[in-house]
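In: Curious how this folds, go ahead:
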Amino acid sequence: MKKILAKAAIAALVLAPLGSALPAFAAGVTVGNPAIVRSTTDTYQNFTIIDTNAPVSGNGWLTSFSYYASNTNPFQFVLVDGSNVVQWVSPTVVPPGVGAQTYAAVVQVQAGWNLGVHFNSTGTIPFDWVGAPATYTPNNNGMPVVGNALTVEGTSNRMYSWNATGTDAEVCSSLTVMSGTSTQFKNLTYTDPAGSSLDSLFTLGTPGAAVVAGPDGFPGAWDAAALDPDVAGASWVNNMSVAPSTPAGVGDGQNGGINVWRLFSHPFTLPAGAIVSSADLHFASDNSVNVFLDNTLIGSASDYITVVDVVPTVTGGAHEFEFVTKNDAYGGVTNPTAVIYKGTVNYCVPNAAPECPAAPAVANKLLKENNVKPKAVTNYISMVAKLMGPQTDFNGVKKCNITAYKAAVNTYLDVTVNAY
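Out: Modelled structure (predicted):
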């Protein structure tokens, strides 16, 4: 079937920066392998190794790291990009014991990065001799440096017991609107609305939900449009299931002997801040239709055989498609009229970065957990607040290095001021 692309403003694909966009339909960022007992630990020391079995799944933030410790040797987590350029190195992690452990930090990541570890001495986290090639640096190569590429000595097929999970930078979805009982009939008029969809021009009829159009008097006349895959699932709809005829009622649009314009509506809402990647609308009408988005004409169809395609510009917020359907005067017994349409909007909504609590909030939680009296809590929190540095660092530790930050506040309260 020949398709017609109507003139309309094209919605641009918006590529948001990291922190504002994410792969479509993602459900949480992940990287790495199950933190379980494995067969072997490394004999190299002061070196870095990167596991490549399960790269970062999408743009966003990692917030929780898990690992299995075979011993308590210290190490640092390391994130590298696809070229093995170091993007992040954690503070030193000292496992509290053998077994499954966790570490908290908020780290902004991109899809395709890999998670590894720098072992200060010999290996802490075990691996199996399976999986994708792990990239490693020479023995005693030293601490990796953010912004520098790793000095690669070689690769070896390995799967390590570390992983991390976090939050998507955005959540993506798809919205579909199509003709059916969700279509609303607003009103009709016998006077040409002259290319407008203003409600005040349509004053006759009984508003309400549209109904699936009944027998049309021309068997098969609407089949060509209805079978177009672009309107799959949509129905021809009208304000009544009975086709207009002559003689007919007055003021209800059922007089098939004169021109009648019907106004149909389909409101929809996109979340605030939505970034639309694509949008389309497909429609046909008996006899013709002007289509509006928020009272702006975006396309027209001139018959009930050919489905017309338009690409509307849509943003976040409330919107309304309106269809001004004209039924031409006809001298036959019945004069069917209806409209069919289907549209899809694909969009993403940015997520806010995870919050990292500042030292006073961390102190408040620690003090309450240790049953410190309320009056003393206020005094200790004030002491902690005065020691915060730039960007709410505490004793040189950044607040989004959550485990280390909490440890620094805890040490101050427990050791320095003997709060508990």
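In: give me the low-pLDDT residue ranges for this structure?
Out: Residues of the chain meeting the criterion pLDDT under 70: 1-27, 214-219, 247-250.
In: Just want the most central residue of it.
Out: Centroid-nearest residue in the chain, with Cα atoms, centre = their mean: residue 171, separated by 1.5 Å.
In: That residue should be in a strand, yeah?
Out: Yes: counting by DSSP: H, G, I helix; E, B strand; the rest coil, residue 171 is located in a strand.
In: Please tell me how far the nearest residue to it once chain neighbours are set aside sits from residue 177.
Out: Nearest residue to residue 171 in three dimensions, chain neighbours excluded: residue 349, at 5.4 Å (Cβ to Cβ, 6 or more residues apart in numbering). In this view, the C-beta of every residue, glycine as well, is placed from N, C-alpha and C. Distance of residue 349 to residue 177, computed by Cβ to Cβ, to the nearest Å: 18 Å.
In: Repeat that for residue 191.
Out: Computed as Cβ to Cβ, the residue 191 to residue 177 distance reads 28 Å.
In: which residue ranges form the strands in the stretch 251-400 of the chain?
Out: For the stretch 251-400 of the chain, the strands defined by DSSP state E, counting those that start in this stretch occupy 260-270, 275-286, 288-293, 296-301, 308-310, 317-327, 338-350.
In: Against which helices or strands is the second one packed?
Out: The contact analysis (3 or more Cβ pairs under 8 Å, 6 or more residues apart in numbering; DSSP states H and E) places strand 275-286 against strand 288-293, strand 296-301, strand 308-310, strand 317-327, strand 338-350.
In: Show me what it pairs with in its sheet, parallel or antiparallel.
Out: Under the criterion DSSP bridges, strand 275-286 sits next to strand 308-310 (antiparallel), strand 338-350 (antiparallel) in its sheet.
In: now those strands as a markdown table including mean neighbour count?
Out: Shown next, in a markdown table, are the strands paired with strand 275-286 (neighbours: other Cβ atoms under 10 Å):
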| stretch | mean neighbour count |
| --- | --- |
| strand 308-310 | 21 |
| strand 338-350 | 24 |
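In: Please identify which of these is closest to residue 391.
Out: Closest of the strands paired with strand 275-286 to residue 391 is strand 338-350, at 22.3 Å (criterion: Cβ to Cβ).
In: Tell me the spacing between the closest residue in space to residue 285 that isn't next to it in sequence and residue 314.
Out: The shortest distance from residue 285 to any non-neighbouring residue, by Cβ to Cβ, 6+ apart, is to residue 339 (4.5 Å). Per Cβ to Cβ, residue 339 is found 20 Å from residue 314.
In: hang on, residue 52 in a strand?
Out: No: assigned with three-state DSSP, residue 52 falls outside any strand and is coil.
In: pretty sure it is touching residue 135, no?
Out: Yes: the criterion here is Cβ atoms under 8 Å, and residue 52 meets it with residue 135 at 6.9 Å.
In: returning to that earlier point: and residue 191 and residue 177? Which one has more around it.
Out: When residue 191 and residue 177 are compared on other Cβ atoms under 10 Å, the one with more neighbours turns out to be residue 177, at 19 against 12.
In: And the helix or strand that one falls within, what's buried?
Out: Secondary structure assigned from DSSP states H and E places residue 177 in strand 170-178. Using 16 or more other Cβ atoms under 10 Å as the test for burial, strand 170-178 gives 170-172, 175, 177-178.
In: Nearest to residue 200, out of those: which one, please.
Out: Out of those, the member with the shortest distance to residue 200 (by Cβ to Cβ) is residue 177, at 24.2 Å.
In: just to revisit the earlier point, nearest to residue 372 among the buried residues of strand 170-178?
Out: Relative to residue 372, the closest of the buried residues of strand 170-178 is residue 171; by Cβ to Cβ it sits at 39.8 Å.
In: is it true that that closest one touches residue 347?
Out: No: the pair residue 171 / residue 347 is not scored as a contact, 9.7 Å apart, by Cβ under 8 Å.
In: which helices and strands sit right next to the strand holding residue 177?
Out: Other helices and strands packing on strand 170-178, by 3+ Cβ pairs under 8 Å, 6+ apart, are strand 260-270, strand 338-350.
In: now the angle between strand 260-270 and it, please.
Out: With axes from the mean of the first three to the mean of the last three Cα atoms, to 10 degrees defining the directions, strand 170-178 sits at 160 degrees from strand 260-270.
In: Quick check: closest non-adjacent residue to residue 54.
Out: Per Cβ to Cβ, 6+ apart, closest to residue 54 is residue 32, 5.6 Å.
In: who's that neighbour bridged to?
Out: When bridges are called by DSSP bridges, residue 32 pairs up with residue 163.
In: Near it, how many other residues are there?
Out: Applying other Cβ under 10 Å, we find 25 residues neighbouring residue 32.
In: Who are the contact partners of it?
Out: Contact analysis of residue 32 by Cβ atoms under 8 Å, 6 or more residues apart in numbering lists 51, 53-54, 115, 160, 162-164.
In: Then residue 158?
Out: The contact partners of residue 158, taken as Cβ under 8 Å, 6+ apart, are 49, 51, 127-131, 133-134.
In: go again using 6 Å as the cut-off
Out: Contacts for residue 158 (Cβ atoms under 6 Å, 6 or more residues apart in numbering) come out as 127, 134.
In: quick one, what contacts residue 87?
Out: Shown in contact with residue 87 (Cβ under 6 Å, 6+ apart): 79, 81.
In: 8 Å instead?
Out: Taking Cβ under 8 Å, 6+ apart as the criterion, residue 87 is in contact with 79-81, 109, 113, 146.
In: Just the buried ones from these?
Out: Listed as buried from the contacts of residue 87 are 79-81, 109, 113; burial here means 16+ other Cβ under 10 Å.
In: Make a markdown table out of those residues and add secondary structure and distance to residue 87.
Out: Shown next, in a markdown table, are these (DSSP: H, G, I helix; E, B strand; the rest coil; distance: Cβ to Cβ, whole Å):
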| residue | secondary structure | distance to residue 87 |
| --- | --- | --- |
| 79 | strand | 5 |
| 80 | strand | 6 |
| 81 | coil | 6 |
| 109 | strand | 8 |
| 113 | coil | 6 |
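In: so what's the residue nearest to residue 285 bridging to?
Out: Beta-bridge partners, per DSSP bridges, of residue 339: residue 237, residue 285.
In: Quick check: the gap between it and residue 300.
Out: Distance from residue 339 to residue 300, counting by Cβ to Cβ: 12 Å.
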